[in-house]
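1. I would like the atomic coordinates for the input below:
(chains A and B)
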2 protein chains.
Amino acid sequence: MSAAPQPPALRHAFVTGAAGFIGSTLVDRLLADGVRVTGWDNLSTGQRRFLEGATRHPGFRLLEGDNLDLPALRAAMAGSDFVFHLAANADIKDGWSHPEKDLHQNTIATFNVLEAMRANGVRRIAFSSTGSVYGEALVTPDRPTPEDDAFPVQTSLYGASKAAGEGLIAAYAEGGQLDEAYLFRFVSILGERYTHGHVFDFYRQLLDHPDHLRVLGDGSQRKSYLYVQDCIAAILHVARLGTARGARHRTQVYNLGTPEFVQVKDSIRFICGALGLNPRLDFTGGDRGWIGDNPFIFLDTRRIQATGWKPRLTIEQGVVQTLRWLEANRWVYESRR
Amino acid sequence: MSAAPQPPALRHAFVTGAAGFIGSTLVDRLLADGVRVTGWDNLSTGQRRFLEGATRHPGFRLLEGDNLDLPALRAAMAGSDFVFHLAANADIKDGWSHPEKDLHQNTIATFNVLEAMRANGVRRIAFSSTGSVYGEALVTPDRPTPEDDAFPVQTSLYGASKAAGEGLIAAYAEGGQLDEAYLFRFVSILGERYTHGHVFDFYRQLLDHPDHLRVLGDGSQRKSYLYVQDCIAAILHVARLGTARGARHRTQVYNLGTPEFVQVKDSIRFICGALGLNPRLDFTGGDRGWIGDNPFIFLDTRRIQATGWKPRLTIEQGVVQTLRWLEANRWVYESRR
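-> Next up, the predicted model:
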C-alpha cells in the first residue's frame, strides 16, 4: 500500500440512500470530517429525521430523487468527486411477491449510478454489497467465506441483484471508466437508526407481547453482524487509503464483518437479557428463516483487517447498542406501519 | 446420474433467439428429434433465411417479438415445457458506445424470460452463458478455468450482463420457481450460420484485400472455440439426462468447449491455409484485441465430459468448416452491411 500513489482528496461526496440507516450515518461522519456532501434519496424507506443534524450543516444538501430517473441523477451528481452508492432494496425476505424490485432498485439503479458517474467524470465509487452474493458457501461451508471463494450459485434475488451490481461496477472499472471501485460485502449491519432486521422485529414483538417470541426457522441459523460505525469506518478507511490505486485491479473487494458469528438463539439471549425478559420461544422450524435465507453467513475479514481496520464492538455489544437505540426511538416503528 | 429420477419428456421447446446462429441450428435439431418448437426472435440480428427449413416443418412456428416485451413473451410461451434461452446481445467489442444494450438484452431480457416461465408454469431452462463471466482467470491464469473457479472480477459489460443473467436464473431455481436450470458457459462457437467473430471478420477482409489482414492485438491471444453442432449436442445431452434432478442444486453449470485452445495466429494459419492465401499481417498490437477482451480463454470441460458428451470436431476442423460455409454463403455479409 505504501508504494501506491497518493489518492486524490475526498472533497465532495455523493451519497445515494442518504436518508437510510447506513447512508445517514455516513453523511454525518463525512460532514464531521469536513467533506461536502450531496445526499440523494427517494425517501421511500429513508427517514428525513435521520438527516436532522446534517441539514443544519452548511456542507450538506439533500436532493430528493430516484436512481431510476437517470437525467435527474446525472444532474444531481454534478461536481461530486466520490460516490458512495448505498441506496438499495433491502427487503430481502419478500422477494417473490415483487421480483422486479431487486432488479430495478439494485441492478438497474447501479447501472444508472455508473452512467451518471461517466457523464460527470466521477471516477471513484464505494458500493454496499452483501455476503448474500456468496449464495450458500458451497465448497467449504464451515469456514469463513473469503472474497475469492468459489464462483457461487446465487440463492436469492437480493444476492443475485447485488452480485449483478458488483459485476457492472467492476466492468466499468476494468474497462477504464472508473479509477477506483470498492465493493464491500456486508454482513448484517446494526446500530443506531437500524430500521429492519431481526433485532428490530424481535423488539417490536416483545413490545406487543413480552411473554412470547416467534422466531423464523429453528434458531440455529448462524449469522454475523457488524456495528454501523465500524462499517462506515472501514469504508472510509479503504477509500482514503485508495487501495485500488496501483493495484492490479481497479476493483477491490472487501468482506465487512466481525471475526465471529452467533446463532439466532444467541442473539435472542442478548436481547432478552438486556430487556430482563424471559419469553416463550415459538420457532417456525426448519434450518432457514425464509426461502433464500442463508443458514450460515460468516465472512473471512482478513483482507480488510490487513488494511489496518478493526471493528470496535463485538456482535453482542452491537446487538445491545441497537436495542438501546430502539428503546429510545420507538417512533421508527410508527413511521413504518 | 443413474440414481436421478427420470426427467419429464421434452415435447414443446421455446427457443429465444430462434433465428440466430445457434438458435436456428438448435431449432432444426429439435424438430429432427420430433420436438415441437416455438421460435421467438425480434429479428434484429437473426436471419429468416436460417429458418427456411424449419418453417416448412409442421411442428414449428416462429413468433416475432422482443424479450423486453413481457406480455407478448408471456403469451408466446404458453404451452411450452422447456425454454432454451439463447437470445442475447453478442456485440461484445462495442460495449462502451451503448452500455445499456447488454443490460437490456442480456440481463433484463433474462428476467423477463424467467417471469414468463413463472407465469406459464414452465420449470426447465437452458441458458447460453459465456466463458467471459470468469473475467480474467485471476488466480491461476495458465490452467483451464473450472466452473467453480474463484469468484471473478468482471472485466466486460458483456460478461457482467451474462453473469447477472446466470444469477437471476439460479435465484429462481434455488428459490423453488424452477425445477431444472442449466447454465452453459460457452467458448466462442463457430460453424454453419456463423455471422460474427474472428473467422467472419478475417474472411471478409480477405475477400476485400487478399494481400493483407488487419489483426486486433498482437495475435498471441489464446482462445477456445467449439463447433456449433457439438455445442447443441452438449446442451441437449444434459437437458435429456436431467442432471439437475435429484442434485443438491437445481442449477447446474457446465463449461462448453474443446479440451484445447489456439492462438489467434494459429487461427489465421488455418484460414489462410484453407484459402491458399499468404497475406501480410498487420497487428494492431497489445495483448488484447479491445477493451475488455480477454487474452486467455480456456475452459476446463471435464464436468460436461463426465456426463458422456465429447466434441467431434477439433478447433482447426471447426474453423475450416466455418470458412467453407462462409465461402458458400457470402450473402451473410450483404445482409449485415
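2. what's near enough to touch the closest residue to residue A:163 other than its chain neighbours?
-> Nearest residue to residue A:163 in three dimensions, chain neighbours excluded: residue A:133, at 4.2 Å (CB to CB, 6 or more residues apart in numbering or on different chains). Placement of C-beta: from N, CA and C, glycine included. Applying CB atoms under 8 Å, 6 or more residues apart in numbering or on different chains to residue A:133 gives the contacts A:152, A:154, A:159, A:162-163, A:166, A:185, B:151.
3. and which of the residues you listed is nearest to residue A:335?
-> residue A:162 (25.7 Å; CB to CB).
4. which helix is the longest one in chain A?
-> When chain A is parsed with DSSP state H, its longest helix is helix A:157-174.
5. assign a three-state SS to residue A:252, would you?
-> strand (DSSP: H, G, I helix; E, B strand; the rest coil).
6. that one: how many residues sit nearby?
-> For residue A:252, the neighbour count with other CB atoms under 10 Å in any protein chain shown is 25.
7. enumerate every residue touching it.
-> Per CB under 8 Å, 6+ apart, neighbours of residue A:252: A:180-183, A:238, A:243-244.
8. let's see 6 Å
-> Listed by CB atoms under 6 Å, 6 or more residues apart in numbering or on different chains, the contact set of residue A:252 reads A:182, A:243-244.
9. mind checking which of those residues land in strands?
-> residue A:182 (DSSP state E).
10. which one (most neighbours) among the contacts of residue A:252?
-> Neighbour-wise, the contacts of residue A:252 (other CB under 10 Å) top out at residue A:182, 26 neighbours.
11. from chain B, how far out is the residue positioned nearest the centre of chain A?
-> Centrality entry for chain A: nearest residue to the mean C-alpha point is residue A:128, 4.9 Å, by CA atoms, centre = their mean. Residue A:128 sits 17 Å away from chain B, going by CB to the nearest CB, to the nearest Å.
12. A strand includes that residue, no?
-> Yes: using three-state DSSP, the assignment for residue A:128 is a strand.
13. ok, the helix or strand hosting residue A:189: who's next to it in the sheet?
-> For residue A:189, the host element (DSSP states H and E) is strand A:188-190. Paired neighbours of strand A:188-190 in the sheet (DSSP bridges): strand A:225-227 (parallel).
14. determine how far the partner strand lies from the middle of the whole chain.
-> Distance of strand A:225-227 from its chain centroid, counting by CA atoms, centre = their mean, to the nearest Å, is 10 Å.
15. residues touching the next helix or strand after that strand, excluding its own?
-> Using DSSP H and E, the helix or strand that follows strand A:225-227 towards the C-terminus is helix A:228-241. For helix A:228-241, contacts defined as CB under 6 Å, 6+ apart pick out A:22, A:25-26, A:29, A:126, A:182, A:189, A:191, A:256, A:304, A:309, A:311-312.
16. pLDDT weak spots in the stretch 201-337 of chain A?
-> Counting by pLDDT under 70, the stretch 201-337 of chain A has low-confidence residues at A:290-295, A:336-337.
17. ok, which stretches of it are helices?
-> Secondary structure of the stretch 201-337 of chain A (DSSP state H, counting those that start in this stretch): helices at A:228-241, A:264-275, A:302-306, A:315-328, A:331-336.
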